[in-house]
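Peer 1: Give me a 3D structure for the following:
(2 chains)
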Amino acid sequence: MKSVGRILPPASGFAAVQLLVILVVVAALFVFPYLVVNPYVLHLMILLFLSVAMGESWNVIGGYCGQYSVGHAAYFGVGAYAALMLLQYQHVAPWWGVWVAIAAALVISLLIGTICFRLRGPYFVLASIAVAEIIRLVVLNWKQFTNGAEGILLVDIPPLKVGATVLTDWLSKTPFYYLGLILALATLLVNYLVQHSKLGYFLQAIREDQDAAHSLGINLSFYKNVALAISALFTAVSGVYYGLYIGFIDPASVLGVDLSVQMVLICIIGGIGTNFGPVVGALVLVPLSEALRANLLSKVLFSLGVVKETSRVGGFLKENLAHAHVLIYGILVVVVILFMPDGVLGFGRKLIAQRSRPFSAKPTSLVGGLDGSA
Amino acid sequence: MRVLLQSTASGILIGGVYALVGIGLTIIYGVMRVINFAHGELLMLGMYLTWIIFTSFGIDPFISIAITIPAMFLFGAFLQKVLINRVLNALPQNQILLTIGLGLVLSNLVMLIYTSDYKIITTSYSSSTINLAGLPLSLPLTISLLITSVITGILYVFLLKTDTGQAIRATAQDRDAAQLMGINVKRMSVLAFGIGTALAGTAGALVSPTYYIFPQVGGAFTLKAFVIVVLGGMGSVIGATLGGIIIGVTESLAAVYISSGMKEVFVYVLFLLVLLFKPSGLLGRSRM
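Peer 2: As a prediction, the model looks like this:
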C-alpha cells in the first residue's frame, strides 16, 4: 500500500500557478476602487458580484445536487424583506437584520425542502416555482405588513461604527463594492469547500443517480435539505445585499419568477456544477445586458452602418432596444442549451482539449482532471 | 346561494379556456415528454395575432380564430422542427431551460415590437351579458366556452377515431413501440407540438375580448396550465379538461369568498396538495 501512496500524488489542493493567478486577481479586485473612481464602473462591478453570489448560491443545490430549483427568488426576497423591514420599521441595523434574514430563509428552505424533495425532475421544478409564487402573492397581498405592491423604499442606512470611529456611512459605492466582493468570494469558497468535501461527493452522487445513491446508504432528503439550506443562506444574504444597495424592493423585483430563472441562467450559461461556471456566466450576462440597457447595441449597429439612425427602423431600435435586455438572456440560453450544453466554460475546455490532443482517445479524462482543480 | 351559483358558473366559463390551454400542454408532454414552459407565451402570441387582425382588418376575434388556428399550428410545427426536436433526448432540465429561454425570447420580442403597453380589444359585446336561468353570464366568455367545447369535441374524435390520432396516442403510450409499428414518430411530434401550439393560440384568441393583452401575460397562464395538467394527470386529455374546469371554479370561488388578490394562492396550494398526495393526478392512469 505504501508504494501506491508514492505513485499517486495527493488529490487535494490547487496547482501553484492557479493559486497564484487567483491571488493576483483577488488582490487586483481589492485595489480596484482606488484606481477606478467612476461610479458607473463600480456599479457594474457590484452587479457582477451580486450575479456571481446568486449564481454560486444556486449552484450548490442546482449544480452539485442536481435539484433544479426555479424558486430561489423566495429566499432572495424573504432575505431582502426581512432585513429591510427590520431596518425601516424597527430601526434594526442591517448587520443584525441579516441574521434574521438568514434564519427566515433557513426556515423557509426547510419547509420547501420537506414539501418539494419528495418530488423528482420536472415535478420538483414545478413545485419550487409554485412555492415561490405563493410567497410572492402573500407578500403582495399582505399590505399592512409588507406594504404590498408599493414595496419598501429605504430611507438611510445607519453608519457602521467600531467604537467611536465611523467605518463607513454607506454614501458612496465603495463600501458596497467591498461587501459585494467579499460576498462573491465567500460563495465561491463555499462552492469549493462543498465540491471537495464528503458532502459534495454525496450531493454529486445524488445528482448522477438518486436511486443508486440511496442504495449506497446516502440519506437523500437529509443531504438535499443540507444543500438547499446552504444555498438558501447565501441567496438570502445576496437578497439583503441587493436590498441595501438598490434601496428599494417590491414583490416584482425580489420575488418574481424571472429572478429565479436568472439565477439558473447564470449557472447554465457559465457551466453548471463547476466552481467558476457562475463567474463566467455573470461575466457574460452582466456586461451584455448592461450594454443593451445603455443602448450600446443600437449604437454599434448605427456605427457599423447596418441600420441608419435616422431611418424608421433605426429610430425604433434606439427607442426600444434598451427595454429588451432580457431578450439577450433568452437567446443566450437557447443557444447554450442547443450548442454548448456544458456552458461556456465546458465548451471552452472542450475546445482546448480538442486542440491540444487532436487524437485523444479519452478527452473526458482530461476534462475531469481540470475539473478537480478549477 | 345565488352568489355561489353565479361564481361557479363564471368559473366554469373561464375553466373551459383553461382546459384548452391544459390540453395543448398535455398533448405535447404526452407525445414528446417535454414540459413546455413557453406555453403561456404561445397563448400570448395568439392574443396578439387576434389583436393585430382585429385592429388592422376589423375581423371579430371569434371569427379570426379561423386564421389564428392554422397560423399557430404552423408556428408550433416550425418551433418543434427547429428547436424542440434537438433536445428530445437531452436531460429534462435542459428541455425545461430551452423552453424557458424560448418563452423569454417570445415575450421580449413582442415587447420590443409592440412595447409593454396594455392593449384591449373592444367589441360591441365585450361587456354584455346573457341570462341563463336567471344567472347573468358574460357573453364573450359564454361564446368562448361554446367554441372550446366544439374544438375539444373535434379533438377527441380526431384522437380516438382517425388513424393519425391513433398514431399520436400510440406515440404517447410508447415511443419505441410505436416506431417499431411503423409510425413516423418524428412526424407525430411535429403534429403534436403544432396542435398544442394551436390550442394555446386559440385559448389566447378566445380570452382576448375579456383580458388585457400585454407581453408578460403568458407567465401566469404557463403556471396555471401546469397546475391543470398535473391535477388531471400528465398526458391525459380528459384529465386536463376536468382540471381546467376545477381550477377555473376554484379561482372564481376564492376570488369571491376570500380575496381576488389571493385567488392564485389557492390554485398553487391545491397544486402542491395534489403533487404530494396524488402525484399521478386525478386521471393519471389513462394516457390520453
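Peer 1: who touches B:I100 in this structure?
Peer 2: By Cβ atoms under 8 Å, 6 or more residues apart in numbering or on different chains, the contact set of B:I100 is A:V70, A:V261, A:V264, A:V333, B:F37, B:A38. Just so you know, the C-beta spots here come from the backbone N, C-alpha and C atoms, and that holds for glycine as well.
Peer 1: cutoff 10 Å now
Peer 2: Contacts for B:I100 (Cβ atoms under 10 Å, 6 or more residues apart in numbering or on different chains) come out as A:70, A:125, A:257-258, A:261, A:264-265, A:268, A:329-330, A:333-334, A:337, B:35-38, B:41, B:222.
Peer 1: Out of these, name the ones that lie in strands.
Peer 2: In strands, judged by DSSP state E, none of the contacts of B:I100 are found.
Peer 1: Could you turn the buried ones of these into a ChimeraX selection?
Peer 2: Filtering these down to the buried ones (16 or more other Cβ atoms under 10 Å in any protein chain shown) takes a single ChimeraX command:
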select /A:70,125,257,258,261,264,265,268,329,330,333,334,337 /B:35,36,37,38,41,222
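Peer 1: Sort out for me which of the contacts of B:I100 are in helices.
Peer 2: Judged by DSSP state H, helices contain the following of those: A:125, A:257-258, A:261, A:264-265, A:268, A:329-330, A:333-334, A:337, B:41, B:222.
Peer 1: CSV please, covering these and showing pLDDT and distance to A:F145.
Peer 2: Shown next, in CSV, are these (pLDDT from 0 to 100; distance: Cβ to Cβ, whole Å):
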residue, pLDDT, distance to A:F145
A:V125, 85, 29
A:V257, 85, 22
A:D258, 83, 24
A:V261, 87, 27
A:V264, 89, 29
A:L265, 87, 32
A:I268, 87, 35
A:Y329, 78, 32
A:G330, 84, 35
A:V333, 84, 36
A:V334, 88, 40
A:I337, 85, 40
B:E41, 94, 33
B:T222, 88, 29
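Peer 1: CSV for these, including distance to B:N94?
Peer 2: Listed next are the ones in helices among the contacts of B:I100 as CSV, based on distance: Cβ to Cβ, whole Å:
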residue, distance to B:N94
A:V125, 12
A:V257, 19
A:D258, 19
A:V261, 14
A:V264, 11
A:L265, 12
A:I268, 8
A:Y329, 16
A:G330, 15
A:V333, 10
A:V334, 11
A:I337, 5
B:E41, 19
B:T222, 18
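Peer 1: In contact with residue 147, which residues?
Peer 2: Assuming you mean chain A. Per Cβ under 10 Å, 6+ apart, neighbours of A:N147: A:Y81, A:M85, A:Q88, A:Y89, A:V139, A:L153, A:I249, A:D250, A:P251.
Peer 1: was after chain B, sorry
Peer 2: Listed by Cβ under 10 Å, 6+ apart, the contact set of B:I147 reads B:G16, B:V17, B:L20, B:F62, B:I65, B:T202, B:A205, B:L206.
Peer 1: Of these, which belong to strands?
Peer 2: Those of these lying in strands (DSSP E): none at all.
Peer 1: closest to A:L167 among the residues you listed?
Peer 2: Nearest to A:L167 among the contacts of B:I147: B:V17, at 58.2 Å, using Cβ to Cβ.
Peer 1: I figured the closest one hits B:E251, correct?
Peer 2: No: B:V17 is beyond contact range of B:E251, at 11.7 Å (criterion: Cβ atoms under 10 Å).
Peer 1: who has more neighbours, the two?
Peer 2: The neighbour count for B:V17 versus B:E251, taken as other Cβ atoms under 10 Å in any protein chain shown, is higher for B:V17 (26 against 23).
Peer 1: For the more buried one, give its distance to chain A.
Peer 2: Distance, B:V17 to chain A, by Cβ to the nearest Cβ, to the nearest Å: 20 Å.
Peer 1: Which parts of chain A are strands?
Peer 2: For chain A, the strands defined by DSSP E cover A:152-153, A:160-162, A:165-168, A:248-249.
Peer 1: With chain B instead?
Peer 2: With DSSP E as the criterion, chain B has strands spanning B:129-132, B:135-138.
Peer 1: Can you give me the buried ones in the first one?
Peer 2: If I follow you right, that is strand B:129-132. By 16+ other Cβ under 10 Å, strand B:129-132 has no buried positions at all.
Peer 1: For chain A, what's the nearest residue on chain B?
Peer 2: Distance from chain A to each residue of chain B (Cβ to the nearest Cβ) is smallest for B:L104, at 3.0 Å.
Peer 1: what's the burial count for that residue?
Peer 2: By other Cβ under 10 Å, 26 other residues sit near B:L104.
Peer 1: same check, this time on A:G247
Peer 2: 15.
Peer 1: unless I'm mixing things up, it is touching A:A80, no?
Peer 2: No: judged on Cβ under 10 Å, A:G247 makes no contact with A:A80 at a distance of 11.1 Å.
Peer 1: Identify the contacts common to these two.
Peer 2: Common neighbours of A:G247 and A:A80 (Cβ under 10 Å, 6+ apart) are A:I152.
Peer 1: Next, count neighbours for A:Y178.
Peer 2: Under the criterion other Cβ under 10 Å, the count of neighbours that A:Y178 has is 17.
Peer 1: can you pull the pLDDT of it?
Peer 2: On pLDDT, A:Y178 comes in at 90.
Peer 1: With B:P279 instead?
Peer 2: 72.
Peer 1: Same question for the one 4 residues further on.
Peer 2: Residue-level confidence at B:L283 comes out at 69, pLDDT.
Peer 1: next one: B:G76
Peer 2: We have a pLDDT of 94 for B:G76.
Peer 1: what residues does the stretch 1-150 of chain A put near chain B?
Peer 2: With the criterion set to Cβ under 10 Å from any Cβ of the partner chain, the stretch 1-150 of chain A comes near chain B through A:62, A:66-68, A:70, A:114-116, A:118-127, A:129-138, A:140-143, A:148-149.
Peer 1: Would you mind giving me the ChimeraX syntax to select the buried ones in the residues you listed?
Peer 2: Only the buried entries of the residues of the stretch 1-150 of chain A next to chain B go into this ChimeraX selection, using 16+ other Cβ under 10 Å:
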select /A:62,66,67,68,70,115,116,119,121,122,123,124,125,126,127,129,130,131,132,133,134,135,136,137,138,140,141
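Peer 1: what's near enough to touch A:V226?
Peer 2: A:V226 touches A:V60, A:I61, A:C65, A:S109, A:G113, A:V194, A:L199, A:F202, A:L203, A:N219, counting by Cβ under 10 Å, 6+ apart.
Peer 1: Of the residues you listed, grab the buried ones for PyMOL.
Peer 2: Provided next is the PyMOL selection string for whichever of those are buried by 16+ other Cβ under 10 Å:
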select buried, chain A and resi 60+61+65+109+113+194+199+202+203
